[in-house]
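Colleague: got a predicted structure here, sequence first:
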Amino acid sequence: MKDGLTQQERRKAWLYAIVITAGLLLAGWLIVRPMGSASVPATLPAENDALLHAAQAMDAISIDAAFDPAARTLTATQTMTLRNRTGQMLTQATLRSYSGAYLSQETSPAASDELFTACYGERFSTGGLLLDEASVNGEAVRHTWEDNARTVLSLPVAAWAPNEVITIRLQYHVYIPLCQSRFGYHDGVYALGNAFPVAAPWVEGECRTDAYHAVGDPFISECANWTVRLTMPKGYRAAATGYAETAETGDSAVQTMTAHGVRDFALAISDQWHTAMRMAGDTMVAAFARTEDKAGQMAEYAVQALNCYTARYGSCGYPTLTLCEVDFPYGGMEYPRLAMIASDLTGQDLAYTVAHETAHQWWGVTVGSDSYRQPWQDEALCEYAVLDFIGATQGDAAREAAVYQRVEAALQVTVPRGVTPGSPIDYFADLDEYTLVVYQRGAALFTALEKLMGKDGLDALLRRYLEACRYTIATRNELEALASQAAGMDVSALFLDYLDTELR
């Protein structure tokens, strides 16, 4: 059949079609591609062999959850495969379900005198995990909450022998409160920090069931392998630990996320996200925010921090890092492969907060520590890492100025209550005191070690610390012993002076 066009006209029509098609494809690519993604690979970075090898000995947690934004709920089924590593015969499995503290104003960490107005406004909003059913090795069991805050969950086990594996299955609903916190909803963002139950860790011969204190991060957990399948209404996306593969079916979107060797799994869900993606060496950075500019800024700062810390301390070992904008009064909050960043931060405050939370992927995430009794061990070290970030991005003079402004000046401030950087978090009255003493005064230990050992010597110590204690919960004694070995002398007196001596 003839089309009625001449050969020249057909040639022009084909040319126009090619140009229009190419233009549409380019426009579509520009619309859907994340900011700065020119260097982002077509496939997600793979988890490295060392991580996968270490993961073989870890527990496993899988979750199938459905998110309902109208009801502000997650409905979830969670399966946990746990090994008894205590060396003792056990008759119960103990889990931590931190979101339970938000069910009551009396126990919510966001309802303290200091935080209530900033987090809740004028009225308390309840939220937290309500457990529907629990089973152990396929048999239904009656659960017990061991504390008033409903953060310590006990499940009976007939006889759990050392090194034996059990399977726990939980069915529950998570209710998200109206609360500007690491767990709560505000202005289109549903923050789900510490929303999923984890196994209570066994640390130095003790099952840890510390209270959910309002100051600091009272979360201690072992590394495990997580798989989370999240179903949401189409249009919603989750910034999460690990990076997601997304499939859409009908009116729903399903994100499947896998993360090996992580201590927890956190999410922030929204239908308002703009994204930016970057590469820092072999690590993919994804930033989620309400504007493209904010997402791009967070991603750029994270890349700078990742490059700086990897060069100095070695790789943290994780293939992705996600940042997300959340409304809360904390500045930032770290989770494995995820950092929540306060929405009101701008400029230098934003840069330094991103740098601090990124440093936690080394100190607190890859190398765990006792964040309740020894909070300095990750917070002070991350604060010290920010000095390296400042030096890498602004030069040596700026780093020296920051040492005085962020560390040495804190040593001159009177703390009337006499708390020290080595104090546990329940010793601190408020966030300002905690930040001054643990973060800033605590960082002075590391600037003192730098003067003693030289910068190269301290970097070498931190590389050794990372490799020796990767995926463990490191103790103060372990870090102190490594420091003495690196310095060629006993540095216990230095640790005692900077961590335990009261300044007046």
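Modeller: Alright, I've got the coordinates.
Colleague: work out which residue lies at the spatial centre of this structure.
Modeller: Y335 (0.9 Å; CA atoms, centre = their mean).
Colleague: I'd say that residue and A268 touch.
Modeller: No - counting by CB atoms under 8 Å, Y335 stays clear of A268, with 9.8 Å between them. All C-beta atoms are positioned from the backbone trio N, CA, C, and that covers glycine.
Colleague: who does the residue nearest to the centre of the chain bridge with?
Modeller: Under DSSP bridges, the beta-bridge partners of Y335 are L338.
Colleague: on the pLDDT front, check it for me.
Modeller: Y335 is assigned a predicted lDDT (pLDDT) of 98.
Colleague: same question, T414
Modeller: T414 is given a pLDDT of 86.
Colleague: now A339
Modeller: pLDDT, read off for A339, is 98.
Colleague: which non-adjacent residue is nearest it?
Modeller: E357 (3.7 Å; CB to CB, 6 or more residues apart in numbering).
Colleague: just give me the neighbour total for that neighbour.
Modeller: A count of neighbours around E357, defined by other CB atoms under 10 Å, yields 26.
Colleague: and for E133?
Modeller: 12.
Colleague: that one reaches R142, doesn't it?
Modeller: No - E133 lies out of contact with R142 (CB under 8 Å); the separation is 10.4 Å.
Colleague: and what about L496, helix, strand or coil?
Modeller: helix (DSSP: H, G, I helix; E, B strand; the rest coil).
Colleague: let me know the pLDDT of it.
Modeller: 97.
Colleague: one more: the one 3 residues further on?
Modeller: Here, the pLDDT recorded for L499 equals 97.
Colleague: going forward, count from 2.
Modeller: All set: I'll call the first residue 2, so the last point we hit is now L500.
Colleague: which one is it nearest to, not counting chain neighbours?
Modeller: G423 (3.6 Å).
Colleague: cool, L351 as well?
Modeller: Q298 (6.3 Å).
Colleague: what is the subsequent helix or strand relative to the helix or strand that contains the one you found?
Modeller: Following DSSP states H and E, one finds Q298 within helix 293-314. Counting by DSSP H and E, the next helix or strand C-terminal to helix 293-314 is strand 321-327.
Colleague: which strand or helix spans the residue nearest to L500?
Modeller: Using DSSP H and E, G423 falls outside every helix and strand.
Colleague: how about the helix holding Q298: buried residues?
Modeller: For helix 293-314, the neighbour count (16 or more other CB atoms under 10 Å) marks 295-311, 313-314 as buried.
Colleague: what's the domain layout of this protein?
Modeller: 2-33, 60-223, 377-501 (automatic domain parsing).
Colleague: for M341, which of these is the nearest?
Modeller: domain 60-223 (6.1 Å; CB to CB).
Colleague: returning to what we had before: to M258, which of the domains of the chain lies closest?
Modeller: Nearest of these (CB to CB): domain 60-223, 9.4 Å.
Colleague: could you tell me the end-to-end distance of the closest one?
Modeller: 9 Å (CA to CA, to the nearest Å).
Colleague: what do you get for stretch 359-373?
Modeller: 20 Å.
Colleague: now stretch 53-65
Modeller: Stretch 53-65 end-to-end distance (CA to CA) = 23 Å.
Colleague: before we move on, what about stretch 316-330?
Modeller: 30 Å.
Colleague: what is the mean pLDDT for it?
Modeller: On average, stretch 316-330 scores 97.
Colleague: how far out from the middle of the chain is it?
Modeller: Taking the mean of its C-alpha atoms, stretch 316-330 sits 6 Å from the chain's own mean (CA atoms, centre = their mean, to the nearest Å).
Colleague: got the buried residues for it?
Modeller: Applying 16+ other CB under 10 Å to stretch 316-330 flags 316-329 as buried.
Colleague: which one of those is nearest L388?
Modeller: C317 (18.1 Å).
Colleague: low-confidence stretches in the stretch 402-505 of the chain?
Modeller: 504-505 (pLDDT under 70).
Colleague: how near is A360 to T354?
Modeller: 11 Å (CB to CB, to the nearest Å).
Colleague: okay, those two: which has more neighbours?
Modeller: Higher neighbour count among A360 and T354: A360, with 29 against 21, using other CB under 10 Å.
Colleague: hmm, C383 and the more buried one touching each other?
Modeller: Yes - counting by CB under 8 Å, A360 does reach C383; the two are 3.9 Å apart.
Colleague: got a pLDDT number for S38?
Modeller: 40.
Colleague: let me fix that, I meant to ask about E48.
Modeller: On the pLDDT scale, E48 gets 85.
Colleague: for Y428, grab the count of nearby residues.
Modeller: Considering only other CB under 10 Å, Y428 is surrounded by 19 other residues.
Colleague: where's it relative to P376, distance?
Modeller: On the measure of CB to CB, Y428 and P376 end up 10 Å apart.
Colleague: what helix or strand does the nearest residue to R143 once chain neighbours are set aside sit in?
Modeller: Closest residue to R143 apart from its sequence neighbours, by CB to CB, 6+ apart: P157 at 7.2 Å. Taking DSSP H and E as the definition, P157 sits inside strand 153-161.
Colleague: so what strands line up beside that strand?
Modeller: strand 91-97 (antiparallel), strand 145-146 (antiparallel).
Colleague: now the longest one: average pLDDT?
Modeller: Confidence over strand 91-97 (mean pLDDT, whole number) is 98.
Colleague: tell me which residues in whichever helix or strand comes after it are buried?
Modeller: Counting by DSSP H and E, the next helix or strand C-terminal to strand 91-97 is helix 117-121. Residues of helix 117-121 classed as buried by neighbour count (16+ other CB under 10 Å): 117, 120-121.
Colleague: possible to save those residues as a markdown table with pLDDT and distance to L480?
Modeller: Putting the buried residues of helix 117-121 into a markdown table (pLDDT from 0 to 100; distance: CB to CB, whole Å) gives the following:
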| residue | pLDDT | distance to L480 |
| --- | --- | --- |
| F117 | 98 | 36 |
| C120 | 98 | 33 |
| Y121 | 98 | 38 |
